[in-house]
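Enquirer: Just to be clear, the model below is a prediction. Sequence and coordinates:
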Amino acid sequence: MALARWLCLILALLSGLAVSGFPRNPSRLLGKRSLPEGAVDGIEVYSTKVNCKVTSRFAHNVVTTRAVNHANTAKEVSFDVELPKTAFITNFTLTIDGVTYPGNVKEKEVAKKQYEKAVSQGKTAGLVKASGRKLEKFTVSVNVAAGSKVTFELTYEELLKRHKGKYEMYLKVQPKQLVKHFEITVDIFEPQGISTLDAEASFITNDLLGSALTKSFSGKKGHVSFKPSLDQQRSCPTCTDSLLKGDFIITYDVNRESPANVQIVNGYFVHFFAPQGLPVVPKSVVFVIDVSGSMHGRKMEQTKDALLKILEDVKQDDYLNFILFSGDVTTWKDSLVPATPENIQEARKFVMDIHDRGMTNINDALLRGISMLNKAREEHTVPERSTSIIIMLTDGDANVGESRPEKIQENVRNAIGGKFPLYNLGFGNNLNYNFLENMALENHGLARRIYEDSDASLQLQGFYEEVANPLLTGVEAEYPQNAILDLTQNSYQHFYDGSEIVVAGRLADKDMNSFKAAVKGHGAINDLTFTEEVDMKEMEKALQERDYIFGDYIERLWAYLTIEQLLEKRKNAWGEEKENLTAQALELSLKYHFVTPLTSMVVTKPEDNENQMAIANKPGEGPLDAEVIPSMSYLTSYQVPKTPYLYVDGDPHFIIQIPEKDDAICFNIDEDPGTVLRLIQDPVTGLTVNGQIIGEKRGSSDSQNRRTYFGKLGIASAQMDFRIEVTPENITLWNGDSLSTFSWLDTVMVTQDRLSVMINRKKSMVVSFGDGVAFVVVLHQVWKKEPAHHDFLGFYVVDSRGMSAQTHGLLGQFFHPFDFQVSDVHPGSDPTKPDATMVVKNHQLTVTRGSQKDYRKDISVGRNVACWFVHNNGQGLIDGIHRDYVVPNLF
């Protein structure tokens, strides 16, 4: 059951730096403008409107912002909207001075190629995307000429999921300045009738809220409007800054005279099922808790607080047990015990005495819990009409016992055998969330990330409340045979109180007169069947209020639900099955214009008198599901550590600086364009870095005279299932199957767990893993009409302390301490570059004194670094020969 955090928006229009010191259209500037109240840096946001239409839980949301540039020069205006992770963007348009630039949804690979083509033509693009705790950020920025107006309009859709007995619309409002016309309008149409509707705001007093807010509902319709005046937006009576910064929350529910409701429109149906008043099915629950050393401190205290609160809510008919795992596995009791007051009191003492220790043995802990539940069922020590649940909480990856994720998944899947659900709670970011999610999904459960915040204990309690009250088990929805096509999921292991089951499909015969739906399930006392019969003509009359209904909403609801479920199945599919699921989800995503993990929205926008392209992708929830933070800082914080400082830049020149000797060694690698070289490989940390060589625009057949560079870099972490591909055009990040692409026009920071990726616009990118590994990629851009050279990349290792002693590669082999001696310095063939004899790695080499450039801190000019040059592709210095480091591909 996903939390129904719907319509999560941050509306933040920010004025950026001036793109140019000169106006684009001087004729507009007739004199000095007097700026309207609230304008920031010459940019006035004069209208922000959020318009939401909810029809049968399916929400269609349009965010529109209008701004004008009152400054005397062109300015950059940014449009930011944060929306729920469960929503799909369906459209975006940008209108400047009456000219509209629309967004188009394309297959991700097609969009990527179109983007790269635009980049190669000089129409560089800025990717605009990010994610946070429950949100995804959509950001577009555009240069607006002096006196010009701009309109941004974003549309997205989502199926609202019922949570704890209500649908919740949670808006986080932050316009950043006073807005002359600020309005949130929500229209709700529910054929079952609306039973409750409320709205509240955290950033405004009830007195002010009352005069700015209107809310009403009657029968099937509900309406909420929040329209604060300029004075109501002020943080104080004489202030010009806005107090609109906080949460605006709308909650509602529908009448439930019948446990089910079926709606049919244009050949598609949706079936809502949420019975009330049923007795709770007793449950057997095993809590499998990580007590490894990484849980030390606040995480352990928050976990214990949550478990103590959960024990207060356990029903007396329930059975329970605790399993603790670190390097080994311990249990509170040998078997499940009833939740009697005496046992609950004893459990509280056990929980209070929990302390952290050791490693992380996920496999054995889960198998112990599963065995306990299976044994209780087989030996009939729990009621026949009861259900089983296993809940695991961990903050890390398995590192003792069976630690291979795929093998743990296989063991757990075989042990559970489809009999009960597994719920995985991932505490923090230092874990393989994809593994937890995939394992839960294939065992009919779900995964939830618990964020390391002050409310972590409440997050844990909140999850338990969602699954604490099963009303039915073995739930199955049935429909007339041969009458339904393309049915979404129609069987569920549990129905929990306060939630809702939603099934949708397509009718084989649009002209049928009646439609019958039945839901069967096992209750606490007996088996139940709920039947709903629909008269098609009566249904048509009931849905006549077209002014409240947006278009083909049930068809789009069906498409949304189908795509969502295909993508979930795809996570645990392989080979041909995965290909088929991917093809189906992609076809529907394109047909209904949804931005999903398989598609991207391509937006073309005007930029400096030519069009620029941007791509919006759907982020994932893996290790890179991180907050992307706009940053104006550049690389100044890295100090050269007391380990070798290594880099490769230019033609390509490899430089190894040895701090202890205050000296450096350098060498070149001469290979054909297209060759991929292994720069770093660490089998312990799983980090690899490879680089692909490019040549000049007009290649020379003479290998002695041709110049080559690195045109593509691949940085990968096998442990995190994470890759970065860097080119002079863009930076692409993969987390498993989830893909994010940024351009060198972006200035952003992606942070997650020990990983940090910082892009400094048109300059450099910093990748760091914890505090012991840091790489810098420097972008070299040449004049676009330069006849010979391409843009290229430099790669710098600024911290290698976290790499293992087994690291190798053209650069990686020099992470380990090594010594060299230089003697017999004498004139060489070039009078300005003396030769010498170097003894290194038991080889005696003739080397030449020269210098190379270090561009890490000064990209335009660089800093000269004196070094001893080793000839013949570093032969004698590098282990083996340089051809030993050629690899077939980037990853």
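Expert: Received, thanks. Residues are numbered from 1 along each chain as shown.
Enquirer: Compute the distance between the nearest residue to Thr394 once chain neighbours are set aside and Thr303, please.
Expert: In space, Thr394 comes closest to Asp290 once its chain neighbours are excluded; the distance is 4.0 Å by Cβ to Cβ, 6 or more residues apart in numbering. In this view, the C-beta of every residue, glycine as well, is placed from N, C-alpha and C. Asp290 sits at a distance of 8 Å from Thr303 (criterion: Cβ to Cβ, to the nearest Å).
Enquirer: re earlier: wait, doesn't the residue nearest to Thr394 sit right on Leu393?
Expert: Yes. The pair Asp290 and Leu393 qualifies as a contact (Cβ atoms under 8 Å) at a distance of 5.9 Å.
Enquirer: List the residues that are in contact with both of those two.
Expert: Each of Phe427 lies in contact with both Asp290 and Leu393 under the rule Cβ atoms under 8 Å, 6 or more residues apart in numbering.
Enquirer: Mind listing the shared neighbours of Asp290 and Thr303?
Expert: With Cβ under 8 Å, 6+ apart as the test, Asp290 and Thr303 both reach 393, 427.
Enquirer: For Asp290 and Leu393, work out which one has more neighbours and name it.
Expert: Counted by other Cβ atoms under 10 Å, Asp290 and Leu393 do not tie: Asp290 has more neighbours, with 26 against 23.
Enquirer: Tell me the confidence at the more buried one?
Expert: pLDDT recorded at Asp290 is 94.
Enquirer: Run through the stretch 451-600 of the chain and note the low-pLDDT ranges.
Expert: 542-551 (pLDDT under 70).
Enquirer: Show me what counts as buried in stretch 472-492.
Expert: Residues of stretch 472-492 classed as buried: 472-473, 475, 477, 479, 484, 487-490, 492 (neighbour count, 16 or more other Cβ atoms under 10 Å).
Enquirer: Endpoints of that stretch, how far apart?
Expert: The first and final residues of stretch 472-492 sit 9 Å from each other (Cα to Cα, to the nearest Å).
Enquirer: starting at the chain centroid, how far to it?
Expert: 32 Å (Cα atoms, centre = their mean, to the nearest Å).
Enquirer: And the contacts of that stretch?
Expert: The list of residues contacting stretch 472-492 from outside it, by Cβ under 8 Å, 6+ apart, reads 271, 273, 275, 278, 281, 387, 493-495, 501-509, 512, 515-523, 528, 558, 561-562, 565.
Enquirer: Over to Leu94: give its phi and psi.
Expert: Main-chain torsions, Leu94, degrees, to the nearest 10: phi -130, psi 120.
Enquirer: In contact with the residue nearest to Thr394, which residues?
Expert: Counted by Cβ under 8 Å, 6+ apart, Asp290 has contacts 325-326, 360, 362, 392-396, 427.
Enquirer: hmm, try it at 10 Å
Expert: Counting by Cβ atoms under 10 Å, 6 or more residues apart in numbering, Asp290 touches 299-300, 303, 324-326, 356, 360-362, 365, 392-396, 425-427, 431.
Enquirer: The contacts of stretch 472-492 in strands, which ones?
Expert: Counting by DSSP state E, the contacts of stretch 472-492 place 271, 273, 387, 493-495, 501-507, 515-522, 528 in strands.
Enquirer: Please indicate which of the residues you listed are buried?
Expert: For the ones in strands among the contacts of stretch 472-492, buried by 16+ other Cβ under 10 Å: 271, 273, 387, 493-495, 501-507, 515, 517, 519-522, 528.
Enquirer: so Leu567 sits right up against Leu598, yeah?
Expert: Yes. Leu567 is within contact range of Leu598, at 7.8 Å (criterion: Cβ atoms under 10 Å).
Enquirer: More neighbours: these two, which one.
Expert: A direct count of neighbours by other Cβ under 10 Å for Leu567 and Leu598 places Leu598 higher, at 25 against 18.
Enquirer: For the spatially closest residue to that one that is not a sequence neighbour, grab the count of nearby residues.
Expert: In this structure, Leu598 finds its nearest non-sequential neighbour in Leu586, 4.6 Å apart by Cβ to Cβ, 6+ apart. The number of residues packed near Leu586 is 18, by other Cβ under 10 Å.
Enquirer: Equivalent analysis for Ala111, please.
Expert: 22.
Enquirer: ok so it is a helix residue?
Expert: Yes. The assignment for Ala111 by DSSP: H, G, I helix; E, B strand; the rest coil puts it in a helix.
Enquirer: which non-adjacent residue is nearest it?
Expert: Ser600 (3.7 Å).
Enquirer: Once you drop chain neighbours, what's closest to Glu532?
Expert: Of all residues beyond its chain neighbours, the one nearest Glu532 is Ala260 (4.4 Å), with distances taken as Cβ to Cβ, 6+ apart.
Enquirer: so that neighbour bridges to which residues?
Expert: Beta-bridge pairing for Ala260 (DSSP bridges): Phe273.
Enquirer: who's in contact with it?
Expert: Ala260 touches 192, 271-275, 477, 501, 503, 517-519, 530-532, counting by Cβ under 10 Å, 6+ apart.
Enquirer: what does Pro673 give?
Expert: 692-696, 699, 706, 708-709, 711, 790.
Enquirer: Look up how far Met352 lies from the residue lying closest to Lys112 once chain neighbours are set aside.
Expert: By the measure of Cβ to Cβ, 6+ apart, the closest residue to Lys112 outside its immediate chain neighbours is Thr741, 6.8 Å from it. Per Cβ to Cβ, Thr741 is found 49 Å from Met352.
Enquirer: and what of Trp734?
Expert: Taken as Cβ to Cβ, the span from Trp734 to Met352 is 44 Å.
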